[in-house]
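K.L.:
no sequence on hand, only this structure:
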């Protein structure tokens, strides 16, 4: 019988070199997406799924992450004195959001090594891993569905997303078999960043996992893979190949909205897409965006981008956009 998942692990030790010089002195996870740092969206997702115990795996120069989820007494006092209750509420919200814990990764030996650093905190129970580069729209719950599947099957569960085959080399790719549930597949094999020709499918692993604790023993034995790093994908491949070891590996195929903040262009798109759906920003931003776009080169591609970004929430859902 599956144990209840109560803890979330968020690896956040990366250097953020794609965003230099912005990330020279600020963690990439603190880059704002509209008016919240990217990392807060991820913590909120864990909490919304019922996981209030959050361990962040950090590295050097990541103190801002801890400060963001800690008290800011001088700021709170200043806002209270001014009677600015709206902003004070927002500041206190991030402070009280979750029971936050922190551990340093030390040597940057890859995602698998970062997950392994959570062993002492997690103990002998299943746990969730959420990567900070992926923001999942709160209207399209993914983690809660993964927790449900993990409880039903007592197995490791990963999130999968159908991507353009030309982009599969950017992800871990899964070989799968169908199950009795439309959105759930059994994973029979995993390949880290394959080329298009050798990819087993166009189902890509995105940054959400619910792992059984047996993964720690596997990670201890996992040799460095691509890039000289300990790859979580390699450990998952071991679990998928031996179903008796820990119940196998299953995938939840996600068809909702996901925003990639790990790439500069996709980061900008994420800000616009989230802002146009905001009740306080969308009504003014949407017509401005259309007017701005009308002055750009008049191409079908430009029109397509504008329509995607300015679609109403109901339009996006009806179109099944990611």
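P.N.:
That came through fine. The shown structure was predicted, so the numbers you read here are calculated from the model rather than taken from an experiment.
K.L.:
residues contacting the most centrally placed residue in the chain?
P.N.:
Centroid-nearest residue in the chain: residue 134, 3.3 Å away (criterion: C-alpha atoms, centre = their mean). For residue 134, the contacting residues are 42, 206, 207, 208, 258, 259, 260, 261, 262, by C-beta atoms under 8 Å, 6 or more residues apart in numbering. Backbone N, C-alpha and C define where each C-beta goes, glycine included.
K.L.:
okay if I get the residues you listed as a markdown table plus pLDDT, distance to residue 248 and secondary structure?
P.N.:
Compiled in a markdown table, the contacts of residue 134 are given as follows (pLDDT from 0 to 100; distance: C-beta to C-beta, whole Å; DSSP: H, G, I helix; E, B strand; the rest coil):
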| residue | pLDDT | distance to residue 248 | secondary structure |
| --- | --- | --- | --- |
| 42 | 96 | 27 | helix |
| 206 | 92 | 20 | strand |
| 207 | 91 | 21 | strand |
| 208 | 95 | 18 | strand |
| 258 | 92 | 25 | strand |
| 259 | 90 | 30 | strand |
| 260 | 87 | 28 | strand |
| 261 | 89 | 31 | coil |
| 262 | 86 | 29 | coil |
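K.L.:
quick revisit: what's opposite the residue nearest to the centre of the chain in the beta bridge?
P.N.:
residue 260 (DSSP bridges).
K.L.:
what about it, distance to residue 181?
P.N.:
Distance, residue 134 to residue 181, by C-beta to C-beta, to the nearest Å: 23 Å.
K.L.:
same check, this time on residue 290
P.N.:
40 Å.
K.L.:
re earlier: ChimeraX command for the buried members of the contacts of residue 134?
P.N.:
Of the contacts of residue 134, the buried ones can be selected in ChimeraX as follows, counting by 16 or more other C-beta atoms under 10 Å:
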select :42,206,207,208,258,259,260,261,262
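K.L.:
closest to residue 159 among the contacts of residue 134?
P.N.:
residue 208 (3.9 Å; C-beta to C-beta).
K.L.:
can you report how many residues neighbour the closest residue to that closest one other than its chain neighbours?
P.N.:
Nearest residue to residue 208 in three dimensions, chain neighbours excluded: residue 159, at 3.9 Å (C-beta to C-beta, 6 or more residues apart in numbering). Other residues lying near residue 159 total 24 when counted by other C-beta atoms under 10 Å.
K.L.:
repeat that for residue 25.
P.N.:
Residues lying near residue 25 (other C-beta under 10 Å) number 8.
K.L.:
that one falls within a helix, correct?
P.N.:
No - looking at residue 25 with DSSP: H, G, I helix; E, B strand; the rest coil, it is coil, so not inside a helix.
K.L.:
that one contacts residue 63, correct?
P.N.:
No - counting by C-beta atoms under 8 Å, residue 63 is not a contact partner of residue 25; they are 10.6 Å apart.
K.L.:
just name the shakiest helix or strand of this protein by mean pLDDT.
P.N.:
Using mean pLDDT, DSSP states H and E, helix 313-319 stands out as the lowest-scoring helix or strand of the chain, at a mean of 44.
K.L.:
quick one on the thing from earlier: so what pLDDT did the residue nearest to the centre of the chain get?
P.N.:
Looking at residue 134, its pLDDT stands at 89.
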